[in-house]
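Peer 1: the following block contains a protein sequence and its predicted model.
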Amino acid sequence: MEKMPFQPELNRTTTMVNATATQTTVTTSDWKAGLPVLTGAGFTLRELRLDDAASLLAMLTTEEVSRFISPPPTTVEGFERFIAWTQRERQAGNYACFAVVPTGMSVAVGIFQVRSLEPGFGTAEWGFALGSQFWGTGVFIEGARLVLDFAFDTIGARRLEARAAVANGRGNGALRKVGAVQEGVLRRSFLRNGQYHDQVLWGILAEDWRMQRQSLQFAAVVH
Ligand SMILES: CC(C)(COP(=O)(O)OP(=O)(O)OC[C@H]1O[C@@H](n2cnc3c(N)ncnc32)[C@H](O)[C@@H]1OP(=O)(O)O)[C@@H](O)C(=O)NCCC(=O)NCCS
């Protein structure tokens, strides 16, 4: 997620999305018309809404969350522009961004995003960030599995890449845990606060994910 694709300075127009839209379940074939609601234990993943902006500002702009990702917006209005941008990019079929909403809350405490790196979404990049009070709770791993299913089965991606600064222990630990393979190191590829960082390039192929999913399902049946 080092490269959060949204660049506030490039997106000054805001297409308002319905801040109070109710969650609707969308069939898997029409994700460009609206993201499905994906259900985990204790949380849901759904489309971002404008009323997530204040919560995302509080959750994702702390030093511990943001120090290894590209700078998030710094105002509620900036997050509203980001959210409107995610809707336009989803409609264009380039990008999907899920809000992480814990059960009992109505607004997002984090995001999972997937963006196409080539026409047709064959190779895509994914990234994620959660408010730090939700770290180590199991939301990441289950949310990641739902998003991997979505990326490979619904969007039809063949390969998902992620980049994590070498110094980002949690980010790299999270990617390793979900079964991503370390493919290389991109030297001095990420500029943050005036300092260049090396990044680990992590990859997951659709066939790897399906094999891993089968063994997870088998293990669940055996236990
Ligand atoms: C990345 C993120 C979403 C992961 O969520 P999380 O709840 O922290 O992830 P988890 O706790 O489930 O998994 C992280 C793993 O890394 C391990 N880890 C933590 N610090 C580590 C370190 N310094 N070195 C190696 N592994 C480390 C944890 O032990 C854990 O593995 P375990 O569950 O087997 O013990 C969250 O940490 C976050 O939002 N970070 C800030 C934004 C960010 O860096 N995004 C990722 C960019 S690639």
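Peer 2: On my side now, so go ahead.

Peer 1: off-centre distance for whatever helix or strand residue 81 lives in?
Peer 2: If you go by DSSP states H and E, residue 81 is part of helix 76-91. The chain centre lies 14 Å from the centre of helix 76-91; the measure is CA atoms, centre = their mean, to the nearest Å.

Peer 1: surely residue 176 is in contact with residue 169?
Peer 2: No. Using CB atoms under 8 Å, residue 176 is not in contact with residue 169; the gap is 10.5 Å. Using the backbone N, CA and C atoms, a C-beta is placed for each residue, glycine as well.

Peer 1: which one's more surrounded, the two?
Peer 2: For residue 176 versus residue 169, neighbours defined as other CB atoms under 10 Å are more numerous around residue 176 (14 against 11).

Peer 1: got a list of what that one touches?
Peer 2: 182, 202 (CB atoms under 8 Å, 6 or more residues apart in numbering).

Peer 1: how about it, secondary structure?
Peer 2: Here residue 176 is helix, with the state taken from DSSP: H, G, I helix; E, B strand; the rest coil.

Peer 1: from the ligand, how far out is it?
Peer 2: 7 Å (CB to the nearest ligand atom, to the nearest Å).

Peer 1: confidence score at that residue?
Peer 2: pLDDT, residue 176: 98.

Peer 1: all strands of this structure, in order?
Peer 2: 38-40, 43-47, 95-102, 110-116, 123-130, 159-165, 181-192, 195-205 (DSSP state E).
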